[in-house]
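Q: based on what follows, work out the 3D shape:
(2 chains)
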There are 2 protein chains.
Amino acid sequence: MYYLGADIGGTNISVGIVDKDCKIIDKASTPTIQGRDYHGIIGDMVKLCKELAEKNNIALSEINSLGIGLPGLLDKKKGRLVYASNLSFDHINVIDEVKKLIDLPIYIENDANCAAIGEMVCGAAHGNKNVIYITLGTGVGAGIILNGKVFRGAFGGGGEAGHMVIRAEGEMCTCGRKGCWEAYASATALRREGRIAAAKYPNSEIYNLVDGNIKLIDAKTVFDAADLNDKVALEIVDIYTKCVAIGLVNLVNIFEPEAIVIGGGICAQGDRVIKPVTKILSERVYGGVLKTKVCVASLGNDAGIVGAAMLYKNFD
Amino acid sequence: MYYLGADIGGTNISVGIVDKDCKIIDKASTPTIQGRDYHGIIGDMVKLCKELAEKNNIALSEINSLGIGLPGLLDKKKGRLVYASNLSFDHINVIDEVKKLIDLPIYIENDANCAAIGEMVCGAAHGNKNVIYITLGTGVGAGIILNGKVFRGAFGGGGEAGHMVIRAEGEMCTCGRKGCWEAYASATALRREGRIAAAKYPNSEIYNLVDGNIKLIDAKTVFDAADLNDKVALEIVDIYTKCVAIGLVNLVNIFEPEAIVIGGGICAQGDRVIKPVTKILSERVYGGVLKTKVCVASLGNDAGIVGAAMLYKNFD
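A: Numbers count the residues shown, from 1 in each chain, chains lettered A, B, ... in the order given. Purely as a prediction, here's the structure:
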């Protein structure tokens, strides 16, 4: 039996076909093209699924289900995407619409929760039941799994760990408040600090690496400059990892999960982030003993697809 | 049938006898006297229980159980208090020791969790299953109940919301880190700010209310001075309630519980705290809609006793 998983993001629609051992047999993607009608987006996703099955000589009868990860807040009972900054799906029942195009059991879930499920079922947190997946990317998202089930809070809107204030009256956040973790721990925040520093220190490697074209600086530029032992970059990375760690310490103090898995663009930095963050966690967690494992997402960008494909197992 | 509940704190041992409708029939207390041997503390608690039953003409056969709230981290399976700043019970099995003195089923639980249970079963959060009880007192403690069960994290040490950093590099906390919520939202923090302000502004009502004896200033003094329209006190209370609110916003964003119940010494201030805090929450919660009810503990200081008496219902 095979399992289809889709990850509909603001930029790309990614689809994968997964076997019973959680291995991705094949995958494909196509641009989401934000702003277009839902028919187009859902149609393209189903088209990719069918093409992928055909290409791999897999009949529909051999496919168990299609799971779909969506960015935003879901009303799972109604099959709706209630709130999303990137997609206008709030007026339709996603499950019903997809079923019109492909005859399979359909499951939907928030994308960060899909990634958390993927990492728990067959990634870095395999064997754990209490897992927090944190994506450090454009924003800071969280997928929280407690006792093997997705945690949503009493009204379905919980889990917004990125919008926990870690510095009252601090940096402005996209949510309109000040000092949220996201405003310090996202790749966007690191990019912001890199650009400010490059403008201030034109002798720094951050500036040199982009030949003074400051708009080209992203999070990776800052890490690369730090690797060249650039003092300015080293300090920014130091502050950045401390801010990542503060939020993680808070989450460990509150949840004490078995594993925290770091995903998103920043996870490509691996030990450059994990090592200093784990050191701070070990020093600062309440009670002084860190029992939680902290690691990078082993499925990388595929965690969402794999988790979506596993949704049929029911994590509610 | 009747139910005994005990709350062993750092200062007092309180015991109550509760009926089937959760009403306290009678209660009594005696000083804990920190530092003495556990025999003395447990002995006094059981003595109080027996006296209370006798005084109310209740036979042991009419008593269902004795539940005990303890300050600190419990290993419930072993019946031990693993970590507590005020009591040295870590080497004994509390349940076994109590059973030697009174022939009843014995249950133990962390004191903040007892208060949360009390408020959920028959207090301000009656009818809710997802409740966060926050005690604003000497420190900031939390009892978190998810889906009707006490939340402890994967290793039993979760729920330390008081040690969530809300201002990185901020005030020193008793835990050794900087900027914890407890360092801003506890009664101790408010007292600290009141004393600093009184020393700086000898014309303020905070100073006047204690006739310049700054050591007499406590959290209530600051609220009383604010009631007299003292500018200095009003500003301190304003900053204090904002800090209380920041931590609560974080908890709502993460947990989105049905109810947050505020207990501890500060809850005596009622609407003076709840009103500004609820206003900030309504403005700042992620998504802009506050679905969580925020209220003061309706059982007041008895929440711990009542919750302890209800432990036989099993909230694990």
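Q: ok and the residue in the stretch 101-250 of chain A nearest chain B?
A: Closest to chain B within the stretch 101-250 of chain A is residue A:153: 2.9 Å, counting by Cβ to the nearest Cβ. Every C-beta, even on glycine, is put in place using the N, C-alpha and C of the backbone.
Q: what strands flank the lowest-mean-pLDDT helix or strand in chain A, and is each parallel or antiparallel?
A: One helix or strand of chain A scores below all others by mean pLDDT, DSSP states H and E: strand A:80-83, with a mean of 79. As defined by DSSP bridges, the strand partners of strand A:80-83 come to strand A:73-75 (antiparallel).
Q: related to what we said a few turns ago, just the CA trace of the least confident helix or strand of chain A, in PDB.
A: Output in PDB follows, covering the C-alpha atoms of strand A:80-83 (Å, rounded to 0.1, in the frame of the first residue of the first chain):
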ATOM      1  CA  ARG A  80     -12.100  24.300   6.300                       C
ATOM      2  CA  LEU A  81      -9.000  26.500   6.500                       C
ATOM      3  CA  VAL A  82     -10.400  29.100   8.900                       C
ATOM      4  CA  TYR A  83      -7.400  31.500   8.900                       C
END
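Q: on that earlier part again, surely the residue of the stretch 101-250 of chain A closest to chain B is within a strand?
A: No: applying DSSP: H, G, I helix; E, B strand; the rest coil, one finds residue A:153 to be coil, outside a strand.
Q: look up how far residue B:251 lies from it.
A: Applying Cβ to Cβ, to the nearest Å, the value for residue A:153 to residue B:251 is 10 Å.
Q: now do the shared contacts for these two.
A: residue B:257 (Cβ atoms under 8 Å, 6 or more residues apart in numbering or on different chains).
Q: which of those two has more residues huddled nearby?
A: The neighbour comparison of residue A:153 against residue B:251 (other Cβ atoms under 10 Å in any protein chain shown) goes to residue B:251, with 24 against 21.
Q: for chain A, see how far away the more buried one is.
A: As judged by Cβ to the nearest Cβ, to the nearest Å, residue B:251 and chain A stand 8 Å apart.
Q: now for that residue: which residues touch it?
A: B:132, B:134, B:142, B:161, B:257, B:260.
Q: tell me which helix or strand it sits in.
A: Residue B:251 belongs to helix B:231-255 when assigned by DSSP states H and E.
Q: give me the element the closest residue to residue A:79 other than its chain neighbours is part of.
A: In this structure, residue A:79 finds its nearest non-sequential neighbour in residue A:95, 3.7 Å apart by Cβ to Cβ, 6 or more residues apart in numbering or on different chains. Per DSSP H and E: residue A:95 is located in helix A:94-99.
Q: what does stretch A:224-243 contact?
A: The contact list for stretch A:224-243, computed with Cβ under 8 Å, 6+ apart, reads A:166, A:181, A:184-185, A:189-190, A:193-194, A:197, A:201, A:204-206, A:208-209, A:222-223, A:272-273, A:276-277, A:280, B:168.
Q: give the PyMOL command for selecting the buried subset of those residues.
A: The PyMOL command for the buried members of the contacts of stretch A:224-243 (criterion: 16 or more other Cβ atoms under 10 Å in any protein chain shown) is given here:
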select buried, (chain A and resi 166+181+184+185+189+190+193+194+197+204+205+206+209+222+223+273+276+277+280) or (chain B and resi 168)
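Q: now, which of the contacts of stretch A:224-243 lie within helices?
A: A:184-185, A:189-190, A:193-194, A:197, A:205-206, A:208-209, A:222-223, A:272-273, A:276-277, A:280 (DSSP state H).
Q: chain B contacts on the stretch 151-300 of chain A?
A: Within the stretch 151-300 of chain A, the positions near chain B by Cβ under 8 Å from any Cβ of the partner chain are A:151-161, A:163-168, A:170, A:175, A:177, A:179, A:242-243, A:246, A:249-250, A:253-258, A:284, A:286-287, A:291-292.
Q: let me see the contact set for the closest residue to residue A:170 other than its chain neighbours.
A: Nearest residue to residue A:170, sequence neighbours excluded (Cβ to Cβ, 6+ apart): residue A:179, at 3.2 Å. Contacts for residue A:179 (Cβ under 8 Å, 6+ apart) come out as A:165-171, A:173, B:167.
Q: one step back: got the angle between the helix holding residue B:251 and helix A:231-255?
A: When axes from the mean of the first three to the mean of the last three Cα atoms, to 10 degrees is applied, the directions of helix B:231-255 and helix A:231-255 differ by 80 degrees.
Q: what are the ranges of the strands in chain A?
A: Counting by DSSP state E, chain A has these strands, from start to end: A:2-8, A:12-18, A:24-31, A:63-70, A:73-75, A:80-83, A:106-110, A:131-136, A:140-146, A:149-150, A:259-263, A:293-296.
Q: for those, which one ends up most surrounded?
A: strand A:131-136 (a mean of 29; mean count of other Cβ atoms under 10 Å in any protein chain shown).
Q: helices or strands up against that strand?
A: In terms of contacts (3 or more Cβ pairs under 8 Å, 6 or more residues apart in numbering or on different chains; DSSP states H and E), strand A:131-136 is packed against helix A:111-122, strand A:140-146, helix A:231-255, strand A:259-263.
Q: not counting sequence-adjacent ones, nearest residue to the spatially most central residue of chain A?
A: With distances taken as Cα atoms, centre = their mean, residue A:135 lies nearest the centre of chain A, 3.8 Å away. Leaving out its chain neighbours, the residue that sits closest to residue A:135 by Cβ to Cβ, 6+ apart is residue A:264, at 3.7 Å.
Q: quick check, pLDDT for that neighbour.
A: According to the prediction, residue A:264 has pLDDT 91.
Q: thought it was touching residue A:143?
A: No: judged on Cβ atoms under 8 Å, residue A:264 makes no contact with residue A:143 at a distance of 11.4 Å.
Q: give the residues shared as contacts by these two.
A: In contact with both residue A:264 and residue A:143: residue A:135, using Cβ under 8 Å, 6+ apart.
Q: for the nearest residue to residue A:81 once chain neighbours are set aside, give me its contacts.
A: With Cβ to Cβ, 6+ apart as the criterion, residue A:81 has its nearest non-adjacent residue at 4.0 Å, and that residue is residue A:89. Neighbouring residues of residue A:89 by Cβ under 8 Å, 6+ apart: A:38, A:70, A:80-81.
Q: how close does residue A:89 get to residue B:137?
A: 46 Å.
Q: so for the residue of chain A most remote from its centre, what's the pLDDT?
A: Going by Cα atoms, centre = their mean, the residue of chain A most distant from its centre is residue A:203, 34.4 Å out. For residue A:203, the pLDDT comes out at 96.
Q: over to residue A:86?
A: Among the per-residue scores, residue A:86 holds a pLDDT of 67.
Q: show me the residues around residue A:74 that make contact.
A: Per Cβ under 8 Å, 6+ apart, neighbours of residue A:74: A:80-82, A:108-110, A:156.
Q: got the domain ranges for chain A?
A: Domain segmentation of chain A under automatic domain parsing yields A:2-121+A:302-313, A:127-298.
Q: for those domains, give me JSON lines that also has distance to residue B:300.
A: JSON lines is the format used below for those (distance: least, Cβ to Cβ, whole Å):
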{"stretch": "domain A:2-121+A:302-313", "distance to residue B:300": "37"}
{"stretch": "domain A:127-298", "distance to residue B:300": "25"}
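Q: of those domains, which is nearest residue B:126?
A: Distance to residue B:126, taken as Cβ to Cβ, is lowest for domain A:127-298 among the domains of chain A, at 15.1 Å.
Q: how far does that closest one sit from its chain's centre?
A: Distance of domain A:127-298 from its chain centroid, counting by Cα atoms, centre = their mean, to the nearest Å, is 12 Å.
Q: pretty sure residue A:26 contacts residue A:51?
A: No: the pair residue A:26 / residue A:51 is not scored as a contact, 9.8 Å apart, by Cβ under 8 Å.
Q: and stretch A:150-169, what's its mean pLDDT?
A: For stretch A:150-169, the mean per-residue pLDDT is 94.
Q: quick one: end-to-end distance for it.
A: 32 Å (Cα to Cα, to the nearest Å).
Q: enumerate the positions of that stretch that are buried.
A: A:150-154, A:156-168.
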